[in-house]
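K.L.:
Need coordinates for the following:
(one chain, ligands or ions: 4)
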Amino acid sequence: MANYFNTLALREQLEQLAKCRFMYSSEFDDGVDALKGKKMVVIGCGAQGLNQGLNLRDSGLDVSYALRPDAIAQKRQSWKNATENGFTVGTYEELIPTADVVLNLTPDKQHTAVVNAVMPLMKEGACLSYSHGFNIVEEGMKVRDDLTVIMVAPKCPGSEVRAEYVRGFGVPTLIAVHEANDPKGEGLALAKAYAVGTGGHKAGVLMSSFIAEVKSDLMGEQTILCGMLQTGSILCFDKMIEEGIEPGYASKLIQYGWENITEALKYGGVTNMLDRLSNPAKIKAFDLAEELKDIMRPLYNKHQDDIMSGHFSRTMMDDWANDDANLLKWRAETAETNFEKTPAGEVEISEQEYFDNGILMVAMVKAGVELAFETMTAAGIIAESAYYESLHETPLIANTIARKKLYEMNATISDTAEYGCYLYNHACVPLLADFMKDIKSDVIGKGLNVDDNGVDNARLIEVNDALRAHPVEAVGAVLRGHMADMKKIV
Ligand SMILES: NC(=O)C1=CN([C@@H]2O[C@H](COP(=O)(O)OP(=O)(O)OC[C@H]3O[C@@H](n4cnc5c(N)ncnc54)[C@H](OP(=O)(O)O)[C@@H]3O)[C@@H](O)[C@H]2O)C=CC1
Ligand SMILES: CC[C@](O)(C(C)=O)C(=O)O
Ligand SMILES: [Mg+2]
Ligand SMILES: [Mg+2]
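P.N.:
Numbers count the residues shown, from 1 in each chain. Ligands and ions are numbered 1, 2, ... in the order given. Got it, this is the predicted structure:
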């Protein structure tokens, strides 16, 4: 199988990358009708499988789970997830031939084997669905001509897909139809109904392409969403210890700090996150972020270039073929970092203190969000999609670190995201070594030690203007406007 993206002419690549349209709520007036009475069989009952299945069932749809024989015989977690929630579980042979829609929610590494195993069992004219397009775009999977192939990709971890639905809302979702596999022209109707079933239409749906989803999703997860938070956690913790900060305090400031500061990002973008700082601290965070952006820009460009060229997917697939040697080594190394091994102390930290004593963390989030957004849009990804993959999803990933540090983040995200996160971290930690030498506890751990909060007016105006003028803020204001309901219930 060949990399599908690389087989396309440049003109077609650019057209697919730019495919992205924010859908009107009226386009979902038919609700889940296109899936009513149809049998939806989910393969895999992990992070996305379980949570999407729960939402779809609560939306009135017929959901069951096809698991591999060992998972059933050994009553593995996937079997427990499905049976304890009252779903019918069966083997591929029992359930796939009955399915109108097969939802492939297994890890991307398994997709070729899984799709090859289920395709011969699928009934004529059925639909195969993905939540990430890696198998189609990077591996060039060819699906039987009579089958419809769609994608419904929630832009967040599985746990949030469920949590938002239970709150009466949903999470932004990207849908797509694989143009090579839409024999009956029903792909879009099925994808829209599926997005309604998970609640995605309430938060915002982008009609996009498999290619745009893959090239943006990989970039977001490797850089700001997971890689930057991992690198930031490790560097900020080690610096605080070097500066004599009490380890329990340092651990807590980081573990819960990302969640606290990015909550401000979620509500009002980068501008609001920096507005939470005093004026001198805001200027300091702005300057640090500018420095970080200069240092890290080549790394962000490299990640995006490697994703576009297929170099990233090729090297990750080499690791798959090598029994995940790098992934497992990096996972073990992460468990041994000082931050990961130091429990959060019992100390009280107020919400404001997370900002005041975490100026460097604020700067890292600002730099990472803006760089990821700038790099994606420069590569032809549309601003709405780049916003979801940079700013919007950062708080959702930060929540996972608050639960159980980097372990929880890397366990919750897909294996593909975990691999990319470590890859970024390995390059970024040494890249920031010189920058970190000049960092002191005034920007991480203790806060600015200033007698008054006076600043130069002209400089403050300059900083405020620059913050508000960044393109991620313009698209963010519009997209957050569509999420007004969410603000009332969180
Ligand atoms: N994690 C996330 O939040 C997000 C994931 N996605 C995408 O969703 C898809 C699923 O990812 P995710 O939910 O993380 O996956 P998980 O790792 O959480 O779930 C894996 C599930 O697949 C089953 N499985 C593993 N290997 C096989 C196999 N060879 N054959 C059949 N079943 C298998 C496992 O069960 P068992 O081993 O017991 O058989 C388990 O139930 C991926 O395409 C991912 O990119 C998209 C957005 C976010
Ligand atoms: C951020 C990682 C992700 O893309 C996601 C949760 O959206 C994944 O692959 O897990
Ligand atoms: Mg994603
Ligand atoms: Mg992903």
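
K.L.:
Ends of stretch 84-103, what's the gap?
P.N.:
Separation of the first and last residues of stretch 84-103 by Cα to Cα, to the nearest Å is 20 Å.

K.L.:
Ligand 2 contacts on the stretch 51-200 of the chain?
P.N.:
155, 156, 157 (Cβ under 6 Å from any ligand atom). The way it works is simple: take the backbone N, C-alpha and C, and place the C-beta from them, glycine included.

K.L.:
how deep is the last one tucked in, by neighbour count?
P.N.:
The number of residues packed near residue 157 is 25, by other Cβ atoms under 10 Å.

K.L.:
Start at 20, not 1
P.N.:
I'll keep to 20 as the first residue from here, and by that count the last item is residue 176.

K.L.:
and the nearest residue to it once chain neighbours are set aside, how many neighbours does it have?
P.N.:
Counting by Cβ to Cβ, 6 or more residues apart in numbering, residue 431 is the residue found nearest to residue 176 once chain neighbours are left out, at 4.8 Å. Other residues lying near residue 431 total 23 when counted by other Cβ under 10 Å.

K.L.:
residues in contact with residue 431?
P.N.:
For residue 431, the contact set (Cβ atoms under 8 Å, 6 or more residues apart in numbering) comprises 66, 176, 177, 178, 419.

K.L.:
What about these, which are in helices?
P.N.:
Assignment to helices by DSSP state H places the following of the contacts of residue 431 there: 66, 177, 178, 419.

K.L.:
With distance to residue 299 added, can I get those residues in a markdown table?
P.N.:
Below are those laid out as a markdown table (distance: Cβ to Cβ, whole Å):
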| residue | distance to residue 299 |
| --- | --- |
| 66 | 42 |
| 177 | 41 |
| 178 | 38 |
| 419 | 32 |
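
K.L.:
Show me the strands in the stretch 170-319 of the chain, by range?
P.N.:
Remark: strands assigned in the stretch 170-319 of the chain by DSSP state E, counting those that start in this stretch are 192-196, 224-227.

K.L.:
so which of these comes closest to ligand 4?
P.N.:
Closest to ligand 4 of those, according to Cβ to the ion: strand 192-196, at 10.9 Å.

K.L.:
Now the terminal residues of stretch 162-181, how far apart.
P.N.:
The first residue of stretch 162-181 is 30 Å away from its last residue (Cα to Cα).

K.L.:
The top helix by length along the chain and ligand 2 in contact?
P.N.:
The residue-count maximum for a helix in the chain (DSSP H) belongs to helix 298-328. No. Residues of helix 298-328 contacting ligand 2 under Cβ under 6 Å from any ligand atom: none, with a closest distance of 12.6 Å.

K.L.:
State the next helix or strand along the chain beyond that helix.
P.N.:
If you walk from helix 298-328 toward the C-terminus, the next helix or strand you reach (DSSP states H and E) is helix 330-340.

K.L.:
Now distance to residue 147 and pLDDT too, for the contacts of residue 431, in JSON lines please.
P.N.:
JSON lines is the format used below for these (distance: Cβ to Cβ, whole Å; pLDDT from 0 to 100):
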{"residue": "66", "distance to residue 147": "20", "pLDDT": "93"}
{"residue": "176", "distance to residue 147": "23", "pLDDT": "92"}
{"residue": "177", "distance to residue 147": "20", "pLDDT": "94"}
{"residue": "178", "distance to residue 147": "25", "pLDDT": "92"}
{"residue": "419", "distance to residue 147": "29", "pLDDT": "95"}
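
K.L.:
Ligand 1 next: which of those are close?
P.N.:
Answer for these near ligand 1 (Cβ under 6 Å from any ligand atom): 66, 176, 177.

K.L.:
I figured the last one hits residue 67, correct?
P.N.:
Yes. With contact defined as Cβ atoms under 8 Å, residue 177 and residue 67 form a contacting pair (4.5 Å).

K.L.:
For those two, indicate the residue with more neighbours.
P.N.:
residue 67 (26 against 22).

K.L.:
Surely the more buried one touches residue 179?
P.N.:
No. In this structure residue 67 lies outside contact range of residue 179 using Cβ under 8 Å: 10.8 Å.

K.L.:
which residues do those two both contact?
P.N.:
A shared contact of residue 67 and residue 179, defined by Cβ under 8 Å, 6+ apart, is any residue touching both; here these are residue 173.

K.L.:
Which positions in the helix or strand encompassing residue 437 come out as buried?
P.N.:
Under the criterion of DSSP H and E, residue 437 resides in helix 434-450. Using 16 or more other Cβ atoms under 10 Å as the burial criterion, the residues of helix 434-450 that qualify are 434-448.

K.L.:
so which of those residues are also by ligand 4?
P.N.:
Subset of those in contact with ligand 4: residue 436, counting by Cβ under 5 Å from the ion.

K.L.:
For residue 70, which residues are in contact?
P.N.:
Residues counted as contacts of residue 70 (Cβ under 8 Å, 6+ apart) are 177, 178, 180, 181.

K.L.:
Residue 163 now?
P.N.:
Taking Cβ under 8 Å, 6+ apart as the criterion, residue 163 is in contact with 138, 141.

K.L.:
What is the burial count for the residue in the chain that ligand 1 sits nearest to?
P.N.:
Across the chain, no residue is closer to ligand 1 than residue 65, which sits at 2.1 Å (Cβ to the nearest ligand atom). Other residues within reach of residue 65, judged by other Cβ under 10 Å, total 16.

K.L.:
Apart from its neighbours in sequence, what residue is nearest it?
P.N.:
Across the structure, with Cβ to Cβ, 6+ apart as the measure, the residue nearest residue 65 apart from its sequence neighbours is residue 97 (6.2 Å).

K.L.:
and that neighbour, which of the three is it?
P.N.:
Here residue 97 takes the helix state, with states given by DSSP: H, G, I helix; E, B strand; the rest coil.

K.L.:
tell me the contacts of it?
P.N.:
Counting by Cβ under 8 Å, 6+ apart, residue 97 makes contact with 63, 64, 65, 68, 84, 86, 90.

K.L.:
same check, this time on residue 81
P.N.:
Contact partners of residue 81, counting by Cβ under 8 Å, 6+ apart, are 56, 57, 58, 59.

K.L.:
roughly how far apart are it and ligand 4?
P.N.:
Taken as Cβ to the ion, to the nearest Å, the spacing of residue 81 relative to ligand 4 amounts to 27 Å.

K.L.:
what do you get for residue 349?
P.N.:
17 Å.

K.L.:
I'd like the distance from that residue to ligand 2, if you could.
P.N.:
From residue 349 across to ligand 2, the span is 16 Å (Cβ to the nearest ligand atom, to the nearest Å).

K.L.:
How about residue 399?
P.N.:
Here residue 399 is placed at a distance of 19 Å from ligand 2 (Cβ to the nearest ligand atom).

K.L.:
The residue nearest to that residue when sequence neighbours are not counted - how many residues pack around it?
P.N.:
In this structure, residue 399 finds its nearest non-sequential neighbour in residue 36, 4.0 Å apart by Cβ to Cβ, 6+ apart. Taking other Cβ under 10 Å as the criterion, the count of residues near residue 36 is 23.
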